[in-house]
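Engineer: Need a 3D model of the following:
(one chain, ligands or ions: 2)
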Amino acid sequence: MLTITCEEMKAMDCYTIEKIGIPSIVLMENAALKVIYNIDLNKTNSFNIVCGVGNNGGDGLAIARHLITNGKDVDLFIIGNLDKGTKDFNINLNILKNMEVKFIHVTGEMELEYLKDSLVKNDLTIDSIFGIGLTREIEGIFKKVISLINSYSNNILSVDIPSGLDGNTGNTLGISVKANKTITFHLVKKGLLESKEYTGEVIVESIGIPKKVTNKILERMV
Ligand SMILES: NC(=O)C1=CN([C@@H]2O[C@H](COP(=O)(O)OP(=O)(O)OC[C@H]3O[C@@H](n4cnc5c(N)ncnc54)[C@H](O)[C@@H]3O)[C@@H](O)[C@H]2O)[C@H](O)CC1
Ligand SMILES: [K+]
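Structural biologist: Ligands and ions are numbered 1, 2, ... in the order given. This is a model prediction of the structure:
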């Protein structure tokens with residue numbers, strides 16, 4: 001099986017956006033729909049969606065939108081500095097605000113309690129905190145959130161990479177979500193291969209990146 005590094009994935013995303021002309025928001029929407037495609041909506045009715053403020057978080061916001069428009073109960077939590085949201089994260093956050101969708105910005109003990117209550121009561125938790133952009137040890141409120149998810153949710157789906165796992169090595173950066181299932185985009189990141197304890201079942205989904213891009217980047221990065 002062909003596996004890639006996070007850097008190769010980022011290069012493929014950039015080439016697809018800048019040279020092929022597929023807007024990043026289209027890739028994000030494709031990613032979100034592929035996660036929805038892997039959820040049995042006949043059996044799963046209530047969701048916790050926990051989002052960071054990068055594009056992994058943006059995926060989660062788009063997933064929330066599609067679940068809400070499918071009539072599902074969604075408890076939406078965002079963690080991180082909202083002033084540092086990426087362009088595509090903010091596009092999806094703005095859409096949810098226009099839809100008057102409520103969310104909890106997790107900054108302290110009170111919100112952590114709300115999160116714990118939701119984790120206990122809802123059917124599925126979607127981990128959209130970090131993907132290929134995780135760069136350093138996880139600390140503070142991020143660590144508390146991931147610990148709560150692992151302790152109180154018995155059904156976890158990670159978007160692209162379990163949050164806390166180094167996508168290249170499979171090492172945990174302080175802590176990592178322990179998912180039942182991971183939906184990873186385009187190609188398997190090397191760090192997912194030997195980390196079943198954290199990834200659960202790994203499913204690879206295309207998000208519309210042409211094969212030409214994969215070949216171009218891999219031949220260039222040898
Ligand atoms: N067009 C695309 O690139 C697509 C990407 N997809 C999804 O996007 C993520 C990668 O998104 P990116 O914004 O590069 O990074 P992350 O969202 O993974 O997180 C970065 C975010 O988190 C901060 N951060 C990093 N480490 C830490 C830490 N230890 N503690 C706190 N904060 C941390 C960092 O500063 C950023 O703010 C990819 O995985 C996909 O899920 C789309 O799916 C497809 C298109
Ligand atoms: K994730």
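
Engineer: residue boundaries of the helices in this protein?
Structural biologist: Listed in chain order, the helices of the chain (DSSP state H) span 6-15, 24-37, 55-69, 87-98, 109-121, 140-152, 196-199, 211-220.

Engineer: which residues sit against the longest one?
Structural biologist: The reference is to helix 55-69. Outside helix 55-69, the residues that touch it by C-beta atoms under 8 Å, 6 or more residues apart in numbering are 24, 28-29, 31-33, 35-36, 47, 49-52, 74, 76, 78, 80, 85-86, 88-89, 91-93, 95-96, 99, 101, 126, 128-133, 159-161, 163. The way it works is simple: take the backbone N, C-alpha and C, and place the C-beta from them, glycine included.

Engineer: what's the answer for the last one, then?
Structural biologist: Around helix 211-220, the neighbours that count as contacts under C-beta under 8 Å, 6+ apart are Ile4, Glu8, Ala11, Met12, Tyr15, Thr16, Lys19, Ile20, His186, Leu187.

Engineer: Just the CA atoms of it, as PDB, please.
Structural biologist: The C-alpha atoms that make up helix 211-220 are tabulated as PDB, following Å, rounded to 0.1, in the frame of the first residue of the first chain:
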ATOM      1  CA  LYS A 211      -3.600  10.900  -9.700                       C
ATOM      2  CA  LYS A 212      -1.500  13.200 -11.800                       C
ATOM      3  CA  VAL A 213      -0.900  15.300  -8.600                       C
ATOM      4  CA  THR A 214       0.200  12.300  -6.600                       C
ATOM      5  CA  ASN A 215       2.700  11.200  -9.200                       C
ATOM      6  CA  LYS A 216       4.000  14.700  -9.700                       C
ATOM      7  CA  ILE A 217       4.600  15.300  -6.000                       C
ATOM      8  CA  LEU A 218       6.100  11.800  -5.300                       C
ATOM      9  CA  GLU A 219       8.500  12.000  -8.300                       C
ATOM     10  CA  ARG A 220       9.500  15.500  -7.200                       C
END
